[in-house]
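Asks: Give me the fold of what follows.
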Amino acid sequence: MTYFPTEERDGTVIITLTNGERNTLNPDLLEEGAAALQRLATDPPKAGIVLTGAGEHFTCGMDTKIAASLDEAGQKRAVAGINDFAAALHRLPCAVVGAVNGNAIGAGGIMMLACDWVLAAQGDYKIGLPEAKAGLPFPAVPQAILDHWLDPVWRRRLALSSHLLNPAESLTAGLVDELCMADQLLDEAVLRVQALNRQPGFRACKRQLRAKANAEIDGILDQPTK
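Replies: Below you'll find the predicted structure:
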């Protein structure tokens, strides 16, 4: 069993985060996901990548029960896992569209910010960064992604208040780029990622746009583990 089953549609790879009812994250999942994304980076799909969640949730973030049970070594492994996963997602050279199908909490918000474009299904669910409420401060790579890709006012509001937004509010905050009907989400995401990726200068522009953030991320990952 994989946490990240894939399917190909007209040259686009659709990755579906799959882990139980809430698609929560754990060290095993993060390590598998980072390795899968790193492999895709070496041989990117010709028509981009769509990232979505199975069932009713995109992801509800770290599994808090597992996080609470980790010893010091386990906590370091979890932090390294989220850093490596977020870095691998951010570094993908091809177009990446997030197809948000439901709750995107904590790490889910970071994953959205690491994508090139985010489509969110219309519906009654929440998106946000409630790490302060959960008692799980942002690891260094997610913090770098936040610093580079979320407006400073919204970064302060969401990170310090743990306030959760509905999809329309997330559009205003800049976490989401487009809304669409839930039953059209994947179809629209595939169309969007293919339109982005077939621009002749897309990869060069993405590389330029992300150069400073990627350099900062490289510096974080190069630091010795304490």
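Asks: With adjacent residues omitted, what lies nearest to residue 11?
Replies: residue 47 (3.3 Å; C-beta to C-beta, 6 or more residues apart in numbering). For glycine as for every other residue, the C-beta is placed from the backbone atoms N, C-alpha and C.
Asks: Actually, residue 86.
Replies: Using C-beta to C-beta, 6+ apart, the closest residue to residue 86 is residue 141 (4.6 Å).
Asks: And the contacts of the lowest-mean-pLDDT helix or strand in the chain?
Replies: Within the chain, no helix or strand scores below helix 64-69, which has a mean of 88 by mean pLDDT, DSSP states H and E. By C-beta atoms under 8 Å, 6 or more residues apart in numbering, the surrounding residues in contact with helix 64-69 are 24, 26-27, 75, 78, 134, 136.
Asks: Keep only those of these that are in helices.
Replies: 27, 75, 78, 134 (DSSP state H).
Asks: out of those, who's nearest residue 190?
Replies: Of all the ones in helices among the contacts of helix 64-69, the one with the least separation from residue 190 (C-beta to C-beta) is residue 27, at 30.8 Å.
Asks: So what's the residue count around that closest one?
Replies: The number of residues packed near residue 27 is 21, by other C-beta atoms under 10 Å.
Asks: One more: the one 3 residues further on?
Replies: Applying other C-beta under 10 Å, we find 24 residues neighbouring residue 30.
Asks: Would you confirm that the residue nearest to residue 86 belongs to a helix?
Replies: Yes - according to DSSP: H, G, I helix; E, B strand; the rest coil, residue 141 belongs to a helix.
Asks: OK, contacts around the residue nearest to residue 11?
Replies: Per C-beta under 8 Å, 6+ apart, neighbours of residue 47: 10-12, 193-194, 197-198.
Asks: for stretch 40-57, which positions count as buried?
Replies: 40, 44-45, 47-54, 57 (16 or more other C-beta atoms under 10 Å).
Asks: Also stretch 214-226?
Replies: Quick answer for stretch 214-226 (16+ other C-beta under 10 Å): 214, 216-217.
Asks: before we move on, the earlier item: looking at the ones in helices among the contacts of helix 64-69, which one is closest to residue 98?
Replies: residue 134 (21.4 Å).
Asks: give me the number of residues near that closest one?
Replies: Neighbours of residue 134 (other C-beta under 10 Å): 15.
Asks: In strands only, show me the contacts of residue 47.
Replies: residue 12 (DSSP state E).
Asks: Please list the members of the contacts of residue 47 that lie in helices.
Replies: 193-194, 197.
Asks: Select from the contacts of residue 47 the one having the most neighbours.
Replies: Result: residue 193 is most packed of the contacts of residue 47 (other C-beta under 10 Å), 31 neighbours.
Asks: Okay, it and residue 145: tell me how far apart.
Replies: 19 Å (C-beta to C-beta, to the nearest Å).
Asks: Residue 98 pairs with what?
Replies: residue 51, residue 118 (DSSP bridges).
Asks: Go ahead and confirm it touches residue 109.
Replies: No - with contact defined as C-beta atoms under 8 Å, residue 98 does not reach residue 109; the gap is 10.3 Å.
Asks: Is residue 212 in contact with residue 145, as I believe?
Replies: No - if you go by C-beta under 8 Å, residue 212 and residue 145 don't touch, sitting 12.0 Å apart.
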